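Peer 1: My questions are about this predicted structure, shown below with the sequence.
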Amino acid sequence: MQKYGKFAALIVVVIGTLVWLAFAGSGDSKTYYKSIDELSQMGDRAYGARLRVGGDVAVGSIQHVGGKVLFTLKQDSRTLQVAYSGIDPLPDTFRDGAQALADGRMDRDGVFHASKISAKCASKYEAKPNVQPSGQPDVHSGKPSV
Amino acid sequence: MENLGSLAILMAFCVALYATLASVIGRVRRKPFLVESGRRAVYAVWVLVTTASVILVHALLTGDFRFAYVAEHSNNALPVLYKFAAWWSGQEGSLLFWMWLLSSYAAVVAFTNRRRHRDMMPWVLAILTTIEIFFLTLNNFVANPFKLLANEGLIVKVPDGSGLSPVLQYPAMAIHPPMLYLGYVGFAVPFAFAMGSLITRQPGDSWIHTTRRWTLVTWLFQGTGVMLGAAWAYHVLGWGGYWGWDPVENASLLPWLSGTAFLHSVMMQEKKGMMKVWNMVLIATTFFLCILGTSMTRGGLVQSVHAFAQSEIGKYFVTFLAVGVAATAYLIIDRLDYLKSEAQLESVISRESSFLFNNLILLASCFAVLWGTLFPKISEAISGDQISLDADWYNRLMVPIGLFLLFLTGVGPLFAWRRTSIDRLRRNFQWPGIASLVLVGALFAAGIHKPYALISFGFCLFVALTVIIEFYKGANSIAGRTGMNLLRATVELTHRNTRRYGGYLVHMGVVLIFIGFTGHAFDQKDVKEMNQGDTMRIGHYALQLARIEQGENANYLWYRGVFAVSKDGQPLGTLQPEKRLFKASKESTSEVAIRMRPNEDLYVNFGGMSDDNQRAVIQAFVNPLVTWVWLGGLVLIGGTLICLVPSKVKMQYARTQVVGISKQHVDLPADR
């Protein structure tokens, strides 16, 4: 099997390099997903790491104040104040009632400082939204139906 | 009508069940009439699913808003193209569309093989109809497209629907799902044939010959679908890029990566009888990745911008995947005897070796992307925290992988089978190698110091030269013999061996795409709040905001920035990016203004108005070499189409081939 020795060696080199690349710098690339509920239970651990929190944008909570965008994320009865001060404009699908993800860090003042906001994509492959008895599909329900 | 539709898919479910049973029982018990009946049932399923589809499409086109699906995904003002495209723009409709494609493919397979592969076909059809049963289960019992809106038992018809999100009203986006589905569904066919040949213990490669064109066309559609998604992201989403390593983007890429590996490794099996087990594993992997991809877009597995909510439907897919993988694994392991290799690896510097490393690196990239995509689930299982990995992590892995692949693309086709002599190495690679080093030196001297970019440009030139030299050598030889001019000789050369020269063209397309990718290393970006009259500088360009305009029409409010563009003082015309705020859906779209040139794109996005509504928030990007990505995609498509053309000359090559297996003990003379 001597001829397979060279193959094995090369394969080990290739795979080894890739595994090293995958783990070497991954510390900086990690972002923790947390729900608002989990975030409140994190305690001190919440203040150090890069976090990504998801929820629905509370209706009427979007405010543009002094170069920042403030809004409230809502999930199951819990709320989270978010401040976005990035220079990139907000995504097109970001609006009242939309599902959004905020990437950033939790500050000791209780406000989540987001460096990036993503909002739900416009395609509709998710679970069907509620349809109002009046017959008009609910455009403003918590789940985006448009 | 809705009752007819529901009935049609219910009947299709029953007939597909019958088709599976008839094919299997007919084959096992040697009852030809059952086998024939099963075959006709496949046609019947197609008729029924087509009926259901026609009913749904008709409801969409005529705006029958009693249907819940029509009310959600269409509206009166929607252009006809998008009313039709609404067939696949939502959960229920897209699953019906998937089913329609699958039933069409199954019917074609049944028809074209009605007199061939009699041993295998009942199993092939049974596998296809089993997959049909799964999707019909979803169509009937989980996501029925024929549901009506109702209020306390009375059917309701709304005056107008919610319509398609304006962000998706873009032609490339309308055909992106059908392209991907043609890919996803298409891989079911070679998979079914592979499993059919395993079940019937076929020692030969007939399943590969039969499915070669299917697989190539499917791979082409898959790749085109991925490209269209990237093109849409670039032109419509306004963030300046075309790939974000989002889970759903990755889901479409995974089967393409393993499919590319498969296309290469079947060449090894055809020419050398090697990698048989591996090919079985690969085609199964590709098919199951297609199912995984289909399910990832529908939520439940991983969070992404496409799917946040946990969805019921995910569980069905996971079950299907688990059962399918288990059954396939059992089958492969049980039939290992029939998959023995007919040749051995001999030298690292051989064509076999380059195929091996091609497969290794493609599967490694596939695994890396899968790992990254599923990492939130994996980390949750290990540490309880859901952790996601960002684009930087993916790029850190995929760039070296891509460069290695590019290198193989250049050297692989020119290695000889079994072992390449040093002399041949020198002949083929000396001048391309020297030219590449010269290029790298020149680029370095010109100020480009990023190592990956230099390596990439060097390899790109290397591969391009090897391809050009191959065409030139062959054409020259033909021109010499027949007296044709060089251009005609090239066409003749390609026609004589379309697989080989079409393949070279595909590789050339890959080179162009890589040139485009490399430009990304030099992207520039800036964001500014601008008053009328302000100038923004980026790269060599000056963008002067001549006017901020705004207006309104029936559908939307709009803001537009009219920019006078100049480069190093020379005026270049105007760019007018626009932002539209749609009244009904309260969503906005960015009408990005892009000045596309071969060397770089100037990309300007109107982000919105500032808080005090006085200034425009403008994002400007300079994206070098992006056009090469789209150009390379077109060349890739062209090359693949050439591969599909039958060659003028049938290639003959000598190889040992297994024609039968005997498991009986054979007494050799010496034993007595």
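Peer 2: Okay, I see it.
Peer 1: quick one: low-confidence ranges for the stretch 251-400 of chain B?
Peer 2: B:299-311 (pLDDT under 70).
Peer 1: Chain A too?
Peer 2: In chain A, residues with pLDDT under 70: A:1-3, A:25-26, A:28, A:66, A:87, A:121-146.
Peer 1: longest helix anywhere in it?
Peer 2: Using DSSP state H, we find that the single longest helix of chain A is helix A:2-24.
Peer 1: Using PDB, write down the CA coordinates of that helix.
Peer 2: C-alpha atoms of helix A:2-24 as PDB (Å, rounded to 0.1, in the frame of the first residue of the first chain):
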ATOM      1  CA  GLN A   2       3.000   2.200  -0.300                       C
ATOM      2  CA  LYS A   3       1.600   4.100  -3.300                       C
ATOM      3  CA  TYR A   4      -1.400   5.100  -1.200                       C
ATOM      4  CA  GLY A   5       0.900   6.700   1.200                       C
ATOM      5  CA  LYS A   6       1.400   9.800  -0.900                       C
ATOM      6  CA  PHE A   7      -2.300  10.100  -1.500                       C
ATOM      7  CA  ALA A   8      -3.100   9.800   2.200                       C
ATOM      8  CA  ALA A   9      -0.500  12.400   3.100                       C
ATOM      9  CA  LEU A  10      -1.800  14.900   0.600                       C
ATOM     10  CA  ILE A  11      -5.400  14.300   1.700                       C
ATOM     11  CA  VAL A  12      -4.400  14.800   5.300                       C
ATOM     12  CA  VAL A  13      -2.700  18.100   4.400                       C
ATOM     13  CA  VAL A  14      -5.700  19.400   2.500                       C
ATOM     14  CA  ILE A  15      -8.300  18.400   5.100                       C
ATOM     15  CA  GLY A  16      -6.000  19.500   8.000                       C
ATOM     16  CA  THR A  17      -5.600  22.900   6.500                       C
ATOM     17  CA  LEU A  18      -9.300  23.400   6.100                       C
ATOM     18  CA  VAL A  19     -10.100  22.200   9.600                       C
ATOM     19  CA  TRP A  20      -7.400  24.600  10.900                       C
ATOM     20  CA  LEU A  21      -8.900  27.500   8.900                       C
ATOM     21  CA  ALA A  22     -12.400  26.600  10.200                       C
ATOM     22  CA  PHE A  23     -11.500  26.700  13.800                       C
ATOM     23  CA  ALA A  24      -8.600  29.300  13.900                       C
END
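Peer 1: Now do the strands in the stretch 501-650 of chain B.
Peer 2: B:524-530, B:535-538, B:541-552, B:556-567, B:570-575, B:578-582, B:588-591, B:593-596, B:600-609, B:616-624 (DSSP state E, counting those that start in this stretch).
Peer 1: picking up where we left off before, quick check: buried residues in the longest helix of chain A?
Peer 2: A:7, A:14, A:18, A:21, A:22 (16 or more other C-beta atoms under 10 Å in any protein chain shown). Placement of C-beta: from N, CA and C, glycine included.
Peer 1: do the same with stretch B:171-182
Peer 2: Per 16+ other C-beta under 10 Å, stretch B:171-182 contains these buried residues: B:172, B:173, B:174, B:176, B:177, B:178, B:179, B:180, B:181, B:182.
Peer 1: picking up where we left off before, between the strands of the stretch 501-650 of chain B, which gets nearest to chain A?
Peer 2: strand B:600-609 (3.0 Å; C-beta to the nearest C-beta).
Peer 1: which helices and strands sit right next to the closest one?
Peer 2: strand B:556-567, strand B:578-582, strand B:588-591, strand B:593-596, strand B:616-624, helix B:626-644 (3 or more C-beta pairs under 8 Å, 6 or more residues apart in numbering or on different chains; DSSP states H and E).
Peer 1: Parallel or antiparallel, list what pairs with that strand.
Peer 2: Partners of strand B:600-609 in the sheet, by DSSP bridges, are strand B:593-596 (antiparallel), strand B:616-624 (antiparallel).
Peer 1: Contact partners for the nearest residue to residue B:180 once chain neighbours are set aside?
Peer 2: What sits nearest to residue B:180 in space, not counting adjacent residues and going by C-beta to C-beta, 6 or more residues apart in numbering or on different chains, is residue B:225, at 3.5 Å. Residue B:225 is in contact with B:176, B:177, B:179, B:180, B:181, B:182, B:183, B:252, counting by C-beta atoms under 8 Å, 6 or more residues apart in numbering or on different chains.
Peer 1: Please apply the same query to residue B:218.
Peer 2: B:182, B:183, B:186, B:187, B:189, B:190, B:259.
Peer 1: What helix or strand is it located in?
Peer 2: Assessed by DSSP states H and E, residue B:218 sits inside helix B:206-232.
Peer 1: helices or strands next to the helix or strand following that helix in the packing?
Peer 2: Per DSSP H and E, the first helix or strand lying C-terminal to helix B:206-232 is helix B:247-272. For helix B:247-272, the elements it packs on are helix B:171-186, helix B:206-232, helix B:276-296, helix B:351-383, judged by 3+ C-beta pairs under 8 Å, 6+ apart.
Peer 1: between helix B:247-272 and helix B:206-232, how many degrees?
Peer 2: 150 degrees (axes from the mean of the first three to the mean of the last three C-alpha atoms, to 10 degrees).
Peer 1: can you give me the strands for the stretch 351-500 of chain B?
Peer 2: B:386-389.
Peer 1: For chain A, see how far away the closest residue to residue B:229 other than its chain neighbours is.
Peer 2: Nearest non-adjacent residue to residue B:229, counting by C-beta to C-beta, 6+ apart: residue B:176, 5.3 Å away. Residue B:176 sits 10 Å away from chain A, going by C-beta to the nearest C-beta, to the nearest Å.
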